[in-house]
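Chemist: Give me coordinates for this.
(chains A, B, C and D)
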There are 2 protein chains.
Amino acid sequence: MQISKGVEWAAHAAVMMIALPEGRGLKAEALARYHEVPTAYMAKQLQALSKAGIVQSSRGAHGGYRLAKTATDITLWDITAAIEGHGPAFRCTEIRQNGPCGLKKTDCRKPCQIASAFAVAERAFRDSLKTVTIADLGAQVVENLRPEHLSDVGHWLESETMPLSEKT
Amino acid sequence: MQISKGVEWAAHAAVMMIALPEGRGLKAEALARYHEVPTAYMAKQLQALSKAGIVQSSRGAHGGYRLAKTATDITLWDITAAIEGHGPAFRCTEIRQNGPCGLKKTDCRKPCQIASAFAVAERAFRDSLKTVTIADLGAQVVENLRPEHLSDVGHWLESETMPLSEKT
DNA sequence: TGTTATTCGGATATTTATTGTCCGATTTAT
DNA sequence: ATAAATCGGACAATAAATATCCGAATAACA
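Modeler: Below is the predicted model of the structure:
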């Protein structure tokens, strides 16, 4: 029951992109370098976010990524689901239908109790993550930051960002 | 974010063992055969349950497994933790300390906000599973079972169980 | 308008975790 | 004492996560 590193990286990248000025983007390589993680694998996570409609990509020179919607509309669950998939963590294989006393399919109108219990727990997990937006996270990060560090980030952003082209 | 099959098998096995008469046990091979799953791998899960103090094992002839405590004292979380481990699913690698604008350790007195959010969600998941005992599951299973099937299980149990030795 | 530099996107290796198997250690019945 | 039976941990195969590469597409510039 492990959550992939990609979720951590994608979440940090998303929070980072909140700080982007209007009409600017960050390329995958820059986002990877900022957190000192492998470029190509970070790129893969960004592709997943792009497919999920969380970020918007621009190709070619001066291309890059930016948020596709408001930071208050992007939850931690959105990011997790984009990377890990929407499927349930507990996969019921219906072993109650196996073996010498296996139930017939017609006797299985109600779902397996064990699977149901996990479904409830997973819903609680999801609902909790859905209450946290990356806007919340960004605000908390800024709150617990020394002012000088904040300006460091600002300078880095300016040195890395280029005006994006107008076309989508 | 997958939960291993072992959890499913272990949970079904635990529910099965509720029905064991006092002083009797089921060997790993029988539990595996009952649900039609690989014997040796099922045995591995039972070993994990044994280490966690959920089941009790007896070796040698007429050996086997039985519950080590009351069914009302064994939760679905106990079983999950025994198989998957107690560690968090989201593993924070502190990438906020990396890169050109990385935070110094002294600036990281508060835990990473992203990790915190996942910790809350995982707690909700755990707490949900902790409310479900295998006694609950067993009762629900019996409730949704045709009487004739119930007696099938009873007969199978009688044919498979042997009196366990007295010594632990 | 062609050319080139740049960046994303999917196909491809490598490593790690899960799944599955085997044989020795231990215990009990005879 | 002996032998049959069962658990327990060490060992292999498979699937998934991690990391990498190269082609496709786009925009800037001459």
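
Chemist: Could you use CA atoms for every contact and neighbour count after this?
Modeler: Will do.

Chemist: measure the nearest residue to residue A:75 once chain neighbours are set aside to residue A:92 for me?
Modeler: Counting by C-alpha to C-alpha, 6 or more residues apart in numbering or on different chains, residue A:133 is the residue found nearest to residue A:75 once chain neighbours are left out, at 4.0 Å. Look at residue A:133 and residue A:92: by C-alpha to C-alpha, to the nearest Å, they are 31 Å apart.

Chemist: more crowded one of those two?
Modeler: residue A:133 (20 against 17; other C-alpha atoms under 10 Å in any protein chain shown).

Chemist: residue ranges for the helices of chain A, please.
Modeler: A:5-18, A:28-35, A:39-51, A:76-84, A:113-130, A:134-143, A:147-160 (DSSP state H).

Chemist: And the closest residue to DNA strand D within chain A, how far from residue A:77?
Modeler: Closest to DNA strand D within chain A is residue A:60: 2.9 Å, counting by C-alpha to the nearest atom of the strand. Distance of residue A:60 to residue A:77, computed by C-alpha to C-alpha: 30 Å.

Chemist: higher neighbour count, these two?
Modeler: residue A:77 (22 against 7).

Chemist: can you pull the pLDDT of the more buried one?
Modeler: Looking at residue A:77, its pLDDT stands at 98.

Chemist: wait, it sits on residue A:124?
Modeler: No: when contacts are counted by C-alpha atoms under 8 Å, residue A:77 is not listed as touching residue A:124 (11.6 Å).

Chemist: For the spatially most central residue of chain A, give me its contacts.
Modeler: The C-alpha lying nearest the average C-alpha coordinate of chain A belongs to residue A:79 (C-alpha atoms, centre = their mean; 2.0 Å). Residues near residue A:79 by C-alpha atoms under 8 Å, 6 or more residues apart in numbering or on different chains: A:7, A:10, A:11, A:49, A:54.

Chemist: Looking at those, which one is closest to chain B?
Modeler: residue A:11 (7.5 Å; C-alpha to the nearest C-alpha).

Chemist: The closest one reaches residue A:76, doesn't it?
Modeler: Yes: taking contacts as C-alpha under 8 Å, residue A:11 lies within contact range of residue A:76: 7.3 Å.

Chemist: Find residues that contact each of the two.
Modeler: Here residue A:11 and residue A:76 have residue A:134 as joint contacts, going by C-alpha under 8 Å, 6+ apart.

Chemist: Could you list the low-pLDDT ranges of chain A?
Modeler: A:162-168 (pLDDT under 70).

Chemist: can you list the residues of it near DNA strand C?
Modeler: Contacts of chain A with DNA strand C, taken as C-alpha under 7 Å from any atom of the strand, map to A:1-2, A:26-29, A:40, A:43-44, A:46-47, A:50, A:57-65.

Chemist: which of those count as buried?
Modeler: A:1, A:26-29, A:43, A:46-47, A:50, A:57-58, A:63-65 (16 or more other C-alpha atoms under 10 Å in any protein chain shown).

Chemist: Can you narrow those down to the ones near chain B?
Modeler: residue A:1 (C-alpha under 8 Å from any C-alpha of the partner chain).

Chemist: Out of the buried ones among the residues of chain A next to DNA strand C, just show me the ones up against DNA strand D, please.
Modeler: Okay, of those touching DNA strand D (C-alpha under 7 Å from any atom of the strand), that's A:43, A:58, A:63.

Chemist: Leaving out the residues flanking it, which one is nearest to the first one?
Modeler: If I follow you right, that is residue A:43. Per C-alpha to C-alpha, 6+ apart, closest to residue A:43 is residue A:28, 5.3 Å.

Chemist: Quick check: the one you found touching residue A:42?
Modeler: Yes: using C-alpha under 8 Å, residue A:28 is in contact with residue A:42, at 6.8 Å.

Chemist: what sits against the residue located most distally from the centre of chain A?
Modeler: The outermost residue of chain A relative to its centre, with distances by C-alpha atoms, centre = their mean, is residue A:100 at 44.4 Å. By C-alpha under 8 Å, 6+ apart, the residues touching residue A:100 are B:34, B:35.

Chemist: State the phi and psi torsions of it.
Modeler: Here is the backbone geometry of residue A:100 (degrees, to the nearest 10): phi -60, psi -30.

Chemist: circling back: what about the contacts of residue A:79, which one has the most neighbours?
Modeler: Of those, with other C-alpha under 10 Å as the count, residue A:49 tops at 26 neighbours.

Chemist: related to what we said a few turns ago, from residue A:128, how far off is the residue farthest from the centre of chain A?
Modeler: 41 Å.

Chemist: Identify the residue spatially nearest to residue A:33, adjacent ones excluded.
Modeler: Spatial nearest neighbour of residue A:33, chain neighbours left out: residue B:99 (6.4 Å); criterion: C-alpha to C-alpha, 6+ apart.
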